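Structure for the following, please:
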Amino acid sequence: MERLSKHLVSWASLLDEKTLDQARISSTMPFIHPHLALMPDAHLGLGATVGSVIPTLGAIMPAAVGVDIGCGMIAVRTQFTRGDLAGRDLSVLRQQIERAVPLSAGHDNRKVVATAEPRVAELEEAARQAEFDPATYTGHWRLQLGSLGSGNHFIEVSVDESDAVWMFLHSGSRGVGNKIAQHHIAVAQRLATQWWIDLPNRDLAYLVEGTPEFTEYIRQLRWAQRFALLNREEMMDRVARQLSEFLGAPVQEQERINCHHNFTESEKHFGKRVWVSRKGAIMADAGRPGLIPGSMGTASYVVEGKGNPVSLNSSPHGAGREYSRSAARKTFTHEQLREAMAGIEYRDTDAFIDEIPQAYKPIDRVMADAADLVTVRHTLRQVVNVKGD
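I've put the predicted structure just below:
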């Protein structure tokens, strides 16, 4: 860990100047307490840095939570082993998963299926309690439950160091969460203009605790966080069904972990109650299980938090980008992607060039930087990868 200023600490050994400048600016906001913590995977984001932990007194910056509210990971360890997969055509399993889960931006379910019905009912009741109608943001939000999205979202079947088979996926609150976030970012920016608040970056606009705008944001934020968690649960159930059909036996869950990495919670740190916005970071209280993925062609990790107080009990959420999507497309080729994905069953298309492993920080370096934040329990290597364009 390196203290970069009074209000900025960093665990990132790989940190470009633009990302560092962005983090420094965010750390100067007057309500930061005690400091902003940069995780090993930190990289440039909207307003606030992705891979940062931002504790604030009496205010929240909606853009510092992120536009994919509640985005995170879920993993399930099964009773199956590598030997159960041996000799089988894994492209069949990949295609089964691709049919069971809608992929890519704008792709939703045609109907609310039986497994999703109780989850939709729970979200309807939660929306009533939060006193808002999610349909004002996205009329078809019910059909988004159980869909993956695109970008760095993925579904994988992996094998750990003991040859146990895991199901692992990454997704968030989809279009409805994005629209909720965008609305409240705009509200915060409007209020900053209305009250002549001078901001170093308009995406650091904030809502003040105790105001109607703050209360409305928290209610809808928590609803979107719940949507994201249930979205992952619904997809995981579908993946489990496909794996069961593929191997001819029901999945027996040995362990299940579901964690956010774009979210806000009220917590006590350094003697004060603060709002902790983790934008690309997971909770890492002592003993808490967590998930840190690499890229589509590198290892992922099941971890246990160490409860490091300086990090505000946090850890990285993944590898973190070294190349922007446009830069990756200009730098790498389809053939390089194929080489990086050797031995992994995936949909071979140049649509994923911007997700090539080389576009991300080396996950081994990130995990080395995180050594005093988490303990590694399992190392996962994917054998099947599913992504949306």
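
C-alpha only now, for contacts and for neighbours.
OK.

and the residue nearest the centre of the chain, what are its bridge partners?
Centroid check for the chain by C-alpha atoms, centre = their mean gives Gly72 as the closest residue, at 3.3 Å. In this entry, Gly72 is beta-bridged to Ser171, His260, by DSSP bridges.

right, and it touches Gly172 too?
Yes: using C-alpha atoms under 8 Å, Gly72 makes contact with Gly172 at a distance of 6.0 Å.

Packing partners of the longest helix along the chain?
Longest helix of the chain, by residue count under DSSP state H: helix 212-247. With contacts taken as 3 or more C-alpha pairs under 8 Å, 6 or more residues apart in numbering; DSSP states H and E, helix 212-247 sits against strand 72-81, helix 90-100, helix 117-130, strand 164-171, helix 174-194, strand 207-208, strand 255-260.

which stretch among these comes nearest Tyr137?
helix 174-194 (6.0 Å; C-alpha to C-alpha).

which outside residues touch that closest one?
With contact meaning C-alpha atoms under 8 Å, 6 or more residues apart in numbering, helix 174-194 is reached by 61-63, 66-69, 106, 134, 137-138, 141, 144, 147-149, 198-199, 202-203, 205-207, 213, 217, 220-221, 224, 228.

ok so, going back, distance from the chain centre to the longest helix of the chain, please.
How far helix 212-247 lies from its chain's middle: 12 Å, per C-alpha atoms, centre = their mean, to the nearest Å.

how much space between the residue nearest to the centre of the chain and Ile257?
Computed as C-alpha to C-alpha, to the nearest Å, the Gly72 to Ile257 distance reads 11 Å.

Flag every buried residue along stretch 248-255.
250-251 (16 or more other C-alpha atoms under 10 Å).

before we move on, back to that, could I get the helices and strands packed on helix 212-247 as JSON lines with distance to Lys6?
Converted to JSON lines, those look like this (distance: least, C-alpha to C-alpha, whole Å):
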{"stretch": "strand 72-81", "distance to Lys6": "30"}
{"stretch": "helix 90-100", "distance to Lys6": "48"}
{"stretch": "helix 117-130", "distance to Lys6": "38"}
{"stretch": "strand 164-171", "distance to Lys6": "34"}
{"stretch": "helix 174-194", "distance to Lys6": "26"}
{"stretch": "strand 207-208", "distance to Lys6": "23"}
{"stretch": "strand 255-260", "distance to Lys6": "28"}
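
out of these, deepest packed?
strand 164-171 (a mean of 24; mean count of other C-alpha atoms under 10 Å).

which other helices and strands contact that one?
By 3+ C-alpha pairs under 8 Å, 6+ apart, strand 164-171 packs against strand 72-81, strand 154-159, helix 212-247.

Adding mean pLDDT and distance to Phe332, write those out as a markdown table.
Output for these, formatted as a markdown table (pLDDT from 0 to 100; distance: least, C-alpha to C-alpha, whole Å):
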| stretch | mean pLDDT | distance to Phe332 |
| --- | --- | --- |
| strand 72-81 | 98 | 27 |
| strand 154-159 | 98 | 20 |
| helix 212-247 | 98 | 31 |
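
quick check, distance from stretch 204-218 to the centre of its chain.
The chain centroid and the centroid of stretch 204-218 are separated by 23 Å under C-alpha atoms, centre = their mean.

That one: which residues count as buried?
Taking 16+ other C-alpha under 10 Å as the criterion, stretch 204-218 shows 204-207, 214, 217-218 as buried.

on that earlier part again, among the helices and strands packed on strand 164-171, which is nearest Tyr346?
The nearest among the helices and strands packed on strand 164-171, by C-alpha to C-alpha, is strand 154-159 at 9.5 Å.

quick one, that closest one and strand 72-81 angle?
Between strand 154-159 and strand 72-81, the angle comes out at 30 degrees (axes from the mean of the first three to the mean of the last three C-alpha atoms, to 10 degrees).

anything in contact with each of Gly72 and Gly172?
With C-alpha under 8 Å, 6+ apart as the test, Gly72 and Gly172 both reach 228-229.

now, among the buried residues of stretch 204-218, which is nearest to Val76?
Lowest distance from Val76 to the buried residues of stretch 204-218 (C-alpha to C-alpha) belongs to Ile218, with 29.8 Å.

which residues sit against the longest strand along the chain?
Looking across the chain with DSSP state E, the single longest strand is strand 374-386. Defining contact as C-alpha under 8 Å, 6+ apart, one finds that strand 374-386 is touched by 90, 94, 97-98, 154-161, 166, 284, 296-306, 315, 343-347.

Of all the residues in it, which ones are buried?
Buried-residue list, strand 374-386, by 16+ other C-alpha under 10 Å: 374-376, 378-386.

From Arg241, how far off is the closest residue to Ser244 other than its chain neighbours?
Excluding the flanking residues, the one nearest Ser244 by C-alpha to C-alpha, 6 or more residues apart in numbering is Pro250, at 4.9 Å. In this structure, Pro250 and Arg241 are 8 Å apart, going by C-alpha to C-alpha.

now do His140
25 Å.

same thing with Arg325?
Distance from Arg325 to Arg241, by C-alpha to C-alpha: 33 Å.

just Leu230 next, same as before
Going from Leu230 to Arg241 by C-alpha to C-alpha gives 17 Å.

who's more crowded, those two?
Ranked by neighbour count (other C-alpha atoms under 10 Å), Leu230 and Arg241 place Leu230 first, with 22 against 17.

Provide a list of residues in contact with that one.
Leu230 neighbours (C-alpha under 8 Å, 6+ apart): 119, 145.

What of Gly151?
By C-alpha under 8 Å, 6+ apart, Gly151 lies in contact with 355, 387-389.
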